[in-house]
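Undergrad: A structural model of the following input is requested.
(chains A and B)
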Amino acid sequence: DSGVTQTPKHLITATGQRVTLRCSPRSGDLSVYWYQQSLDQGLQFLIHYYNGEERAKGNILERFSAQQFPDLHSELNLSSLELGDSALYFCASSGSLGGTIYFGEGSWLTVV
Amino acid sequence: DAKTTQPPSMDCAEGRAANLPCNHSTISGNEYVYWYRQIHSQGPQYIIHGLKNNETNEMASLIITEDRKSSTLILPHATLRDTAVYYCIVRGPNSGYALNFGKGTSLLVTP
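TA: The predicted structure is shown next:
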């Protein structure tokens, strides 16, 4: 158990809908990272937040957004969902900017 | 960030050492070498990391060449539970310290 908690574990939704994935980082960790893993793309970095501020963006679509709240939990919002958004979404956290990153067990999203 | 090159797959007999190579010839002086593994769609698991010295922990050893252009992850006594995809990643401040995963090496440990 890495200490990173993600909810929900599984989610099925229809095209065009909007979902929110939630992440609780390890206790005290200030950095939160989001990743997407699909069969054809591998593990793709989406976005990084540090202490509530966006630090870096990867291959995140404009339909996706994220935020980190004052209590340090983070949410990834996915809107106008398409079939191709079906993937495993991982959250990860670290104590500091360069600290070791630990991953949660992921949220499985299926868009039908 | 520096790119890494790993063999797509490797086999190892149970109980033997598994030596997983990684090339990172464009690594910068402020970039670390990290190793993670992923077992069948579970969350990636941190293994070990290093800057220029060899490192060892309870899971593995990391050997980094003197010129830092390549490294080897060593699992000293591989077990069936070590079957996974292993990722070698160069990490530094230029990417905001994010981990950029490549395709990794699929390690199969056989009885």
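Undergrad: tell me the centre residue of chain A?
TA: A:W34 (3.4 Å; C-alpha atoms, centre = their mean).
Undergrad: Not counting its neighbours along the chain, what's nearest that residue?
TA: Once flanking residues are discounted, A:W34 sits nearest to A:L46: 4.3 Å by C-beta to C-beta, 6 or more residues apart in numbering or on different chains. The C-beta positions use only the backbone N, C-alpha and C, and glycine is treated the same way.
Undergrad: Could I get the contacting residues of that neighbour?
TA: By C-beta atoms under 8 Å, 6 or more residues apart in numbering or on different chains, the contact set of A:L46 is A:33-36, A:57-60, A:64, A:66, A:76.
Undergrad: and the residue in chain B that chain A sits nearest to, what does it touch?
TA: Using C-beta to the nearest C-beta, B:G96 is the residue of chain B that sits closest to chain A, at 2.7 Å. B:G96 makes contact with A:48, A:55-56, A:97, according to C-beta under 8 Å, 6+ apart.
Undergrad: now, among the residues you listed, which is nearest to chain B?
TA: Among these, and counting by C-beta to the nearest C-beta, the member closest to chain B is A:A56, at 2.7 Å.
Undergrad: What's the local residue count around that closest one?
TA: Residues near A:A56, counting by other C-beta atoms under 10 Å in any protein chain shown, number 17.
Undergrad: Name the SS class of it, please.
TA: For A:A56, the assignment made with DSSP: H, G, I helix; E, B strand; the rest coil gives strand.
Undergrad: Below-threshold pLDDT in chain A: ranges please.
TA: Within chain A, no stretch has pLDDT under 70.
Undergrad: Give me the number of neighbouring residues for the nearest residue to B:T65 once chain neighbours are set aside.
TA: Among residues not flanking B:T65 along the chain, B:S71 sits closest, at 6.8 Å (C-beta to C-beta, 6+ apart). The burial count assigned to B:S71 is 23, neighbours taken as other C-beta under 10 Å.
Undergrad: wait, B:S71 sits on B:S25?
TA: No. The pair B:S71 and B:S25 does not pass the contact test of C-beta atoms under 8 Å, sitting 11.2 Å apart.
Undergrad: so what's B:L20 bridging to?
TA: Bridge pairing for B:L20 (DSSP bridges) gives the partners B:L73.
Undergrad: so who does it touch?
TA: B:L20 sits next to B:6, B:10, B:35, B:72-75, B:86, B:88, B:105, B:107 when contact means C-beta under 8 Å, 6+ apart.
Undergrad: Just those residues: which are in helices?
TA: Here DSSP state H is the test, and the contacts of B:L20 give no hits in helices at all.
Undergrad: Now render these as JSON lines, adding neighbour count.
TA: As requested, those are exported to JSON lines (neighbours: other C-beta atoms under 10 Å in any protein chain shown):
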{"residue": "B:Q6", "neighbour count": "21"}
{"residue": "B:M10", "neighbour count": "16"}
{"residue": "B:W35", "neighbour count": "24"}
{"residue": "B:T72", "neighbour count": "16"}
{"residue": "B:L73", "neighbour count": "25"}
{"residue": "B:I74", "neighbour count": "16"}
{"residue": "B:L75", "neighbour count": "21"}
{"residue": "B:Y86", "neighbour count": "23"}
{"residue": "B:C88", "neighbour count": "26"}
{"residue": "B:T105", "neighbour count": "21"}
{"residue": "B:L107", "neighbour count": "21"}
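Undergrad: Noted, bye for now.
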